[in-house]
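>>> heads up, no residue letters with this:
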């Protein structure tokens, strides 16, 4: 990497103040912070602190702080905005991110399907023609809308997602009906070799789009206690997948305390409702498994459907080399699914997820621990 690479970045002026021999370390650390979602102002500030430490100690940055990537990743994670910490596991956090994920995901789908049908049917064939040309884009948009409903649920809005998901189901039914009505409409589709190229173009466009602004935490300063605790309960249920009873137990002590001392507001006493819910989730002793089980169940259904389609092709014949390759791929996926349901694997993943929650809670509290 060029020693003057930082000149074109927001922290470039800071990097220019570093000794020439240390600028590669600074640029690598800054890049790692950026990929860890640290804001640009924080990157500049942290690099300035490292430079000052080098000047006072006479040592190199790597001697003081270790490798630039590990250092940048750790410092970057601790400098993330609160909402980025809370929603770090989500595929997107705003409308701009949703559009980026939609384009990139659809692009990857076209790449996979294009390569798949190219080997299966021939690269010059148009495997996707007629009404099916509308099927994948429409269904993919509906899926993105459904995920947006899930995003709203993670923010403590439990009713709106149900309306969104009902609309998505209606859209799926309408799409299927439209496909049936257009059964005799058979416009030619693009040759299979075009699809991977178009998919890569969509992926490139998606990642070139500007990022949306970081969301602020919920403004709960003027909320009464009932609204505060209702949102806290909804956050525990929607974001951390607590049951209704688990959420009630987690909030019982705080509710009881406020019932005895009604001075001020719950927000003034316990802090922002989103941060309060994160602390309660991190303190939960019961290891969270609901989200893990739901993800495994969804992936298992996809693999089962994949296996059903391959089995149907075997019965219809003929058995081709590509069909044998598909069967081998499915067998590997099936074995992976079976092993993923082992209780030891589920418990290990649940424990790791709870450790992440506790680390995030320490970061949100201003102490990222060791």
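That came through, no problem. All figures in this text were calculated on a predicted structure; none of them were measured in a lab.
>>> Can you give me every residue that contacts residue 51?
14, 17-18, 26 (CB atoms under 8 Å, 6 or more residues apart in numbering). Just so you know, the C-beta spots here come from the backbone N, C-alpha and C atoms, and that holds for glycine as well.
>>> any idea how far it lies from residue 310?
Taking CB to CB, to the nearest Å as the measure, residue 51 falls 59 Å from residue 310.
>>> just residue 211 next, same as before
From residue 211 to residue 310 the distance is 40 Å (CB to CB).
>>> Can you flag the buried ones in the contacts of residue 51?
Neighbour-count burial (16 or more other CB atoms under 10 Å) applied to these gives 14, 18, 26.
>>> quick one: the second one and residue 9, what's the gap?
Note on residue 18: its distance to residue 9, by CB to CB, is 13 Å.
>>> Likewise for residue 177?
With the distance defined as CB to CB, residue 177 ends up 52 Å from residue 9.
>>> more neighbours, these two?
Set residue 177 next to residue 9 and count neighbours by other CB atoms under 10 Å: residue 9 wins out with 17 against 10.
>>> and that one, what does it touch?
15, 30, 40.
>>> run the last query once more with 10 Å
15, 27, 30-31, 34, 40, 43-44 (CB atoms under 10 Å, 6 or more residues apart in numbering).
>>> And these, which is the shakiest by pLDDT?
Checking pLDDT across these, the minimum falls on residue 40 at 83.
>>> Spatially nearest residue to residue 102 (excluding sequence neighbours)?
Once flanking residues are discounted, residue 102 sits nearest to residue 144: 4.7 Å by CB to CB, 6 or more residues apart in numbering.
>>> For the one you found, give me phi and psi.
phi -60, psi -40 (degrees, to the nearest 10).
>>> That one against residue 104, yeah?
No: in this structure, residue 144 is not within contact of residue 104 by CB atoms under 10 Å, at 11.0 Å.
>>> Now do the helices in the stretch 51-200 of the chain.
Taking DSSP state H, counting those that start in this stretch as the test, the helices found in the stretch 51-200 of the chain are 61-65, 68-78, 82-86, 95-121, 132-154, 160-181, 194-208.
>>> Quick one: closest of the ones you listed to residue 318.
Nearest to residue 318, of all the helices of the stretch 51-200 of the chain, is helix 95-121, at 12.6 Å by CB to CB.
>>> So which elements touch the closest one?
With contacts taken as 3 or more CB pairs under 10 Å, 6 or more residues apart in numbering; DSSP states H and E, helix 95-121 sits against helix 132-154, helix 194-208, helix 321-340.
>>> Including mean neighbour count and mean pLDDT, could these go into TSV?
Output for the helices and strands packed on helix 95-121, formatted as TSV (neighbours: other CB atoms under 10 Å; pLDDT from 0 to 100):
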stretch	mean neighbour count	mean pLDDT
helix 132-154	17	83
helix 194-208	16	88
helix 321-340	13	88
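>>> And those: which comes nearest residue 277?
helix 132-154 (10.6 Å).
>>> Burial check on residue 315, number of neighbours?
6.
>>> If I look at it, what pLDDT would I see?
81.
>>> quick one: contacts of stretch 189-204?
With CB under 10 Å, 6+ apart as the criterion, stretch 189-204 contacts 100, 102-130, 132-133.
>>> Of the contacts of residue 51, which belong to helices?
Judged by DSSP state H, the subset of the contacts of residue 51 located in helices is 14, 26.
>>> which pair in the contacts of residue 51 spans the largest distance?
Spanning the widest gap among the contacts of residue 51 are 17 and 26, at 9.4 Å by CB to CB.
>>> shared neighbours, those two?
Applying CB under 10 Å, 6+ apart, one finds that residue 17 and residue 26 are jointly contacted by 47, 51.
>>> Okay, angle between the helix or strand where residue 361 lies and helix 68-78 too, please.
Assessed by DSSP states H and E, residue 361 sits inside helix 343-364. Comparing the axes of helix 343-364 and helix 68-78 via axes from the mean of the first three to the mean of the last three CA atoms, to 10 degrees yields an angle of 70 degrees.
>>> so helix 343-364 versus helix 321-340, what angle?
Using the same axes, to 10 degrees, one finds that helix 343-364 and helix 321-340 are set 70 degrees apart in direction.
>>> what sits up against helix 343-364?
Here helix 343-364 makes contact (CB under 10 Å, 6+ apart) with 77-80, 82, 85-86, 88-89, 240, 271-272, 274-275, 278-293, 295-296, 339-340, 342, 367-370.
>>> same check, this time on stretch 153-162
Contacts with stretch 153-162, where a contact means CB under 10 Å, 6+ apart, come from 83, 86-87, 89-90, 93, 146, 148-152, 164-165, 168, 215, 218, 230-241, 273-274, 277.
>>> By neighbour count, sort out the buried ones in those.
Among the contacts of stretch 153-162, the ones that count as buried (16+ other CB under 10 Å) are 83, 86-87, 93, 146, 148-149, 151-152, 164, 168, 218, 230-241, 273-274, 277.
>>> Would you map out the domains in the protein?
Domain segmentation of the chain under automatic domain parsing yields 5-80, 225-286, 289-370.
>>> My understanding was that residue 96 contacts residue 210; is that so?
Yes: taking CB under 10 Å as the definition, residue 96 is a contact partner of residue 210 at 6.8 Å.
>>> Can you tell me the closest non-neighbouring residue to residue 19?
residue 54 (7.6 Å).
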